[in-house]
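>>> Next one to model:
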Amino acid sequence: MPEIHGTIRGKYEFQTETEESRFEVRNARFSVSGNVHPLVAYKAEIDLSDEGSIKMLDAYARVFPMKDLNFTIGQMRVPFTIDAHRSPHQQYFANRSFIAKQVGNVRDVGFTAAYKHTSGFPFILEAGLFNGSGLTNQKEWHKTLNYSVKAQLLPGKNWNITLSTQMIKPESVRINMYDAGIYYQNNRFHIEAEYLYKMYGHETFKDVHAVNSFVNYDLPLKKVFNKISFLARYDMMTDHSDGKIDKTTNALVINDYARHRVTGGITLSLSKAFIADLRLNFEKYFYKKNGIPKESEQDKIVIEFMTRF
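Next up, the predicted model:
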């Protein structure tokens, strides 16, 4: 039988410097997944309100030719980084890190192979080839396909070390990305740190560096809420280009200016984690003097309710 899942995130934001506010349905995702055969699985996922837009996200078929090995073809999230691979209900903060949103977030159409090794020293290895033209330009022909490789090393019960690399070519400039991350998790703590390095071919744009680090501590409760979580995050990014040539200057330009951010938060969970969460966050941004903040990338208070079904 097919399984139907959904995630709805509604939030309120107040920017303290501009004294402006807004309500937003950040996600209204629905997915259908299942097996048509013991060796064949499928998934289709759509977001009916990605900040007000409708987007088809996942649409793939997966084959399991042998135990711990699978092949996937279709539209999917590219195997790259830790934080960019989290679904909305799995996120610890109301707003994603710079690695997950600006620098390393990619969905594409292609083919992947994944292998899971469980004995001895456990690890998960994923690799894939992709069009590189995103989700909406699937008819384009390509002389060069993008690739991505991701390895998760599991040295202990509570540890995850993730190494990944990706090559993309949005237009004429080749971009190579390298990411390394680690996290530790037990019954109370989740501690995570991740670094991403992005370099542009022929030095057409200055190399990009991005960092995401955070800690989450869970405190069980007995009445009304199942638990309360205390969170703190630091993330940063240098000047960033999406790799597309500006028609006026005929060169790569800054799409996101360098910035640092400190986020503090409290999450109240009505059920077990990532099922029905009330997230309260405050984000403080730090820009250079010549940095130009985007409309939604300024100091803000965020109140979000997320439910997963």
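
>>> I'd assumed K101 was in a helix, is it?
Yes: assessed by DSSP: H, G, I helix; E, B strand; the rest coil, K101 belongs to a helix.

>>> Not counting its neighbours along the chain, what's nearest it?
For K101, ignoring the flanking residues on the chain, the nearest one in space by Cβ to Cβ, 6 or more residues apart in numbering is N95 at 7.6 Å. Where you see a C-beta, it was placed from the backbone N, CA and C, and this is true even at glycine.

>>> quick one: contacts for that neighbour?
K101, T263, N281, E283, V302 (Cβ atoms under 8 Å, 6 or more residues apart in numbering).

>>> Just checking: what are the partner strands of the worst-scoring helix or strand of the chain on mean pLDDT?
The weakest-scoring helix or strand in the chain, judged by mean pLDDT, DSSP states H and E, is strand 245-246 (a mean of 90). Here strand 245-246 is paired, per DSSP bridges, with strand 251-252 (antiparallel).

>>> Check the offset of the strand it pairs with from the chain's centre.
Strand 251-252 has its C-alpha centroid displaced from the chain centroid by 26 Å (Cα atoms, centre = their mean, to the nearest Å).

>>> Which is the succeeding secondary structure element to that strand?
strand 259-269 (DSSP states H and E).

>>> From T7, how far off is the residue nearest in space to the middle of the chain?
In the chain, the centroid-proximal residue (Cα atoms, centre = their mean) is A84; its distance is 1.9 Å. Distance of A84 to T7, given as Cβ to Cβ, to the nearest Å: 17 Å.

>>> just the helices in the stretch 1-150 of the chain please.
For the stretch 1-150 of the chain, applying DSSP state H, counting those that start in this stretch gives helices covering 98.

>>> can you pull out the strands in it?
Using DSSP state E, counting those that start in this stretch, the strands found in the stretch 1-150 of the chain span residues 3-15, 20-37, 40-50, 53-66, 69-77, 107-117, 123-130, 146-153.

>>> Neighbouring strands - and their directions - for the fifth one?
Each strand that pairs with strand 69-77, with its direction, by DSSP bridges: strand 53-66 (antiparallel), strand 107-117 (antiparallel).

>>> And for Y287, the neighbour number?
Residues lying near Y287 (other Cβ atoms under 10 Å) number 15.

>>> Now do the contacts for the residue lying closest to it once chain neighbours are set aside.
Take Y287 and drop its neighbours on the chain: the residue closest to it by Cβ to Cβ, 6+ apart is R259, 5.0 Å away. Taking Cβ under 8 Å, 6+ apart as the criterion, R259 is in contact with F98, M236, M237, Y285, F286, Y287, K288, G291, P293, E297.

>>> So which of those sit within strands?
M236, M237, Y285, F286, Y287 (DSSP state E).
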